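> I'll drop the sequence and a predicted model, then ask my questions.
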Amino acid sequence: MQKTLTALLLLSLACLVACTKEPAPEKIDSAPAQAVVAAEPGIDPATGFKMSGDWELVRGNCTACHSAKLITQQRGTAQQWLTMIRWMQKKQNLWQFDPGTESRIITYLADNYPPDAAQRRAAIPRELMPPNPYAAETATLN
Ligand code: HEC
């Protein structure tokens with residue numbers, strides 16, 4: 001009886017060990033994922049910023065007053081980004097940056113949000129537009 005009990009105990013112990021054993025870690029081949037990241041940076045889910053280069057510096061300095069969307073929907077050359085920063089410094093209480101920080105911020109912005117030729121469609125020719133219901137001359141029915 002004693003022997004049977006011990007055997008049972010050992011058996012259940014063995015089972016417990018076997019059942020709680022961690023599954024063998026899957027082999028992860030990270031090379032393809034890295035290749036994708038290098039081609040197109042991931043998007044930070046919280047801000048929408050492209051996660052490349054100095055994006056965290058930009059997040060730290062540029063999201064205190066307004067949504068990051070105001071930035072990610074904007075496009076510009078380095079000069080245009082600098083102009084926007086100067087305008088905010090002059091009119092919107094944006095603080096001054098030391099030159100190194102400023103140039104890193106601008107490099108990130110100009111690299112990741114450069115001017116985009118296809119941003120706006122061409123204007124629709126006037127003759128293809130519907131009549132403007134608010135213009136006095138279009139109010140008469142013909
Ligand atoms: C001290 C507050 C503050 C900080 C920090 C700040 N901004 Fe702004 N920014 C503003 C205000 C205020 C506006 C105007 C918002 C509006 O029009 O609703 C604005 C507008 C903008 C616009 C829209 C400009 C336009 O022409 O419509 C962009 C782009 C922008 N900011 C980028 C940035 C970037 C890049 C940084 C970081 C370098 C930054 N902001 C940091 C206050 C700030």
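Okay, I see it.

> Which positions in this protein make contact with the ligand?
Residues of the chain lying near the ligand by Cβ under 6 Å from any ligand atom: 61-62, 64-66, 70-71, 74, 84-85, 88, 92-94, 105, 109. C-beta here means a position set from N, CA and C on the backbone, and glycine is covered the same way.

> try 5 Å
61-62, 64-65, 70-71, 74, 88, 92-94 (Cβ under 5 Å from any ligand atom).

> Quick one, which of those are buried?
Buried by 16 or more other Cβ atoms under 10 Å: 61-62, 71, 94, out of the residues of the chain next to the ligand.

> re the thing from before, which two of the residues of the chain next to the ligand have the greatest separation?
Q74 and N93 (19.1 Å; Cβ to Cβ).

> how about the helices in this structure?
Remark: helices assigned in the chain by DSSP state H are 2-20, 31-39, 55-62, 69-72, 78-91, 99-112.

> packing partners for the fourth one?
Looking back up the chat, that one is helix 69-72. Helix 69-72 sits against no helix or strand, with contacts defined as 3 or more Cβ pairs under 8 Å, 6 or more residues apart in numbering; DSSP states H and E.

> Go ahead and name everything in contact with it.
For helix 69-72, contacts defined as Cβ atoms under 8 Å, 6 or more residues apart in numbering pick out 47-49, 58, 62-63, 109, 113.

> at 6 Å what do you get?
Defining contact as Cβ atoms under 6 Å, 6 or more residues apart in numbering, one finds that helix 69-72 is touched by 48, 62.

> Dump the C-alpha coordinates for it into CSV.
Output in CSV follows, covering the C-alpha atoms of helix 69-72 (Å, rounded to 0.1, in the frame of the first residue of the first chain):
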residue,chain,number,x,y,z
LYS,A,69,-1.4,65.1,-36.1
LEU,A,70,-0.8,68.8,-36.8
ILE,A,71,2.7,67.8,-37.6
THR,A,72,2.2,64.5,-39.4
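
> For that helix, give the mean pLDDT please.
For helix 69-72, the mean pLDDT works out to 97.

> Run through the chain and note the low-pLDDT ranges.
For the chain, the stretches with pLDDT under 70 are 1-38, 118-120, 136-142.
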